[in-house]
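K.L.:
Requesting a structural model of the entry that follows:
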Amino acid sequence: MRLSLNPEIKLRLILSLLSAVVLVLKLVVISYPWPSIPSSMCIYGVKPECGFIFDEAHYVRAVRQIILWSPTGEYHPNIEHPPLVKVLIMLGIMILGDNPWGWRIFPALSGVASIYILGIIAYQLTRDEKLSLIAASLFAFDITSFNLGSMAILDPTTLMFSLLGTLFYLRRNALSAGIALGLALLCKLTAIFVIAALVIMELLTLLWRGYRRVNLKTSLKYLVRILLYAFIIMISGLWIYDYYYQIFPNPFMHLSFMLRYHSTMLTPNSSEGSSPLSWTNPVLQFPRELYAGVYTMIDNKVYYIIAYYGMQTPLWWVTWAVIGFLAYFLAIGLKEGKFNVSDCFVLVWLACNYLSYFPISLLRPVYSFYFYMNVPIVALGISRLLSGDKLAELMLYGLLAAQLIYFILFFPVKPLWLVMKLVELGIPQ
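P.N.:
This is a model prediction of the structure:
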């Protein structure tokens, strides 16, 4: 007798396998680059020999300073950002030592978990196993997301808790959603954009269902519970951290300090950062950023054997197609008396987490790696857009193939012979 698995269980198994493959790849590169000088020389200064990738230079050094810190009235490091990710990095160091394994293990696990959670969110919205798996795969093999999700920085863990909170929101579990979103805020304050997206999503859904006092009361009660739980978790986390390290008398002062600090970064017309349009425009791309690199010289030629890049990928190029076509299809559906929840979800998320950076960029510098929070949702949107029709699905598989090619070509750690071969073929490294 042939055994038939429940579609959701089957999807979970495949997503688990996909996540396991990505985890193995992350563990392969997790120790590169490795510091060549003692950690004591990389506490208050940064050198290439410290082995940091990108903003690890801020957060790993901050963790080291926190470990050495004593409440003597001196400035406590990195209090302009919430503490949860730094606590996790510290925990990794306590378990695996003050080395790249300790720094990166929890952010890397967060990056892997985000792949799995995205697949479940896609299934929750569409009930389509193939679409959900393709969306998760597009995100899993986005090389910039792989790189960012492997570093000891704030963003991978912020994204994981944001996606987890979104999943619980869609499942109408206010307590779990609030806890997860509160933890996201304890990682990075920009998680407020995700919360804003969920609030708008709930209000738009309510508007579509039509105004009824019972519907309004139910939705508002649900939103208030989520926001209250998230606020309690964030404030409690700040209070515990501040109390333990004797930093601020109360968490509200810490929150106020963070908001004031980031307000000082309002510098219109700054030459720093990049235009949000350059994050998704294949013609006017932001310059490819080398987050970290180790090279060797052969015959006066530079060969990067370790190269973590921040760059556009084919998935980023379809962002505007997703926004334009899903907005069109959503409008057509509304005229026909239909409301597509998944299309609305994608559009609202991108509006809050991507389009909002256009006006923000007029006030302060914004950076291409901010788009990381949108990559899984673009993957969901393009999978939704190109599913159902054979020709469209071929285009979707072509996009996935392009993602895989970019993933292989720009994988951060490669043997020298492969790097030399790619350079011979004229493929940029």
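
K.L.:
Could I get the full set of strands for this protein?
P.N.:
289-298, 301-310 (DSSP state E).

K.L.:
ok, the first one: who's next to it in the sheet?
P.N.:
This means strand 289-298. strand 301-310 (antiparallel) (DSSP bridges).

K.L.:
which residues touch the partner strand?
P.N.:
For strand 301-310, the surrounding residues in contact (Cβ atoms under 8 Å, 6 or more residues apart in numbering) are 32-33, 53-54, 143-144, 147-148, 150-151, 288-297, 368-369, 410, 412-416, 419-420, 423, 429. C-beta coordinates here come from the backbone N, C-alpha and C atoms, glycine included.

K.L.:
Apply 6 Å and report the result again.
P.N.:
Strand 301-310 is contacted from outside by 32-33, 53, 144, 147, 288-289, 291-296, 368-369, 410, 412-413, 416, 419-420, 429, using Cβ atoms under 6 Å, 6 or more residues apart in numbering.

K.L.:
Filter the residues you listed down to the buried ones.
P.N.:
32-33, 53, 144, 147, 291-293, 368-369, 410, 412-413, 419-420, 429 (16 or more other Cβ atoms under 10 Å).

K.L.:
Of all the strands of the chain, which one is nearest E80?
P.N.:
strand 289-298 (21.3 Å; Cβ to Cβ).

K.L.:
any idea how far that closest one is from the chain center?
P.N.:
24 Å (Cα atoms, centre = their mean, to the nearest Å).

K.L.:
List the contacts of that strand.
P.N.:
Contacts of strand 289-298 (Cβ under 6 Å, 6+ apart): P33, I53, F54, V302, Y303, Y304, I305, I306, A307, Y308, G310.

K.L.:
how many other residues sit next to the last one?
P.N.:
Neighbour count of G310, defined by other Cβ atoms under 10 Å: 20.

K.L.:
Excluding chain neighbours, what is closest to it?
P.N.:
E289 (4.0 Å; Cβ to Cβ, 6 or more residues apart in numbering).

K.L.:
Show me where the stretch 301-429 of the chain dips below the pLDDT cut-off.
P.N.:
428-429 (pLDDT under 70).

K.L.:
same thing but 80
P.N.:
301, 388, 422-429 (pLDDT under 80).

K.L.:
can you give me the helices in the stretch 301-429 of the chain?
P.N.:
Here the stretch 301-429 of the chain has its helices, by DSSP state H, counting those that start in this stretch, at 314-317, 319-335, 341-350, 357-360, 375-385, 390-409, 416-424.

K.L.:
Compare those and give me the one nearest T205.
P.N.:
helix 341-350 (7.1 Å).

K.L.:
Output the contacting helices and strands for that closest one.
P.N.:
Applying 3 or more Cβ pairs under 6 Å, 6 or more residues apart in numbering; DSSP states H and E, we find helix 341-350 packed against helix 191-209, helix 319-335, helix 375-385.

K.L.:
and those helices, which is most packed in?
P.N.:
Across the helices and strands packed on helix 341-350, the average number of neighbours (mean count of other Cβ atoms under 10 Å) peaks for helix 375-385, which reaches a mean of 27.

K.L.:
what angle separates that helix from helix 319-335?
P.N.:
Helix 375-385 and helix 319-335 are oriented at 50 degrees to each other (axes from the mean of the first three to the mean of the last three Cα atoms, to 10 degrees).

K.L.:
Check the chain for its longest helix and report it.
P.N.:
helix 213-245 (DSSP state H).

K.L.:
one step back: now, which of the buried ones among the contacts of strand 301-310 sits nearest P82?
P.N.:
When the buried ones among the contacts of strand 301-310 are compared against P82 (criterion: Cβ to Cβ), the nearest one is F369, at 17.9 Å.

K.L.:
Y291 versus the closest one, what's the distance?
P.N.:
9 Å (Cβ to Cβ, to the nearest Å).

K.L.:
How about G51?
P.N.:
13 Å.

K.L.:
which residues does the closest residue to V294 other than its chain neighbours bridge with?
P.N.:
Nearest residue to V294 in three dimensions, chain neighbours excluded: I306, at 3.9 Å (Cβ to Cβ, 6+ apart). Counting by DSSP bridges, I306 is bridged to V294, V413.

K.L.:
number of nearby residues for I306?
P.N.:
When neighbours are counted by other Cβ under 10 Å, I306 comes out with 18.
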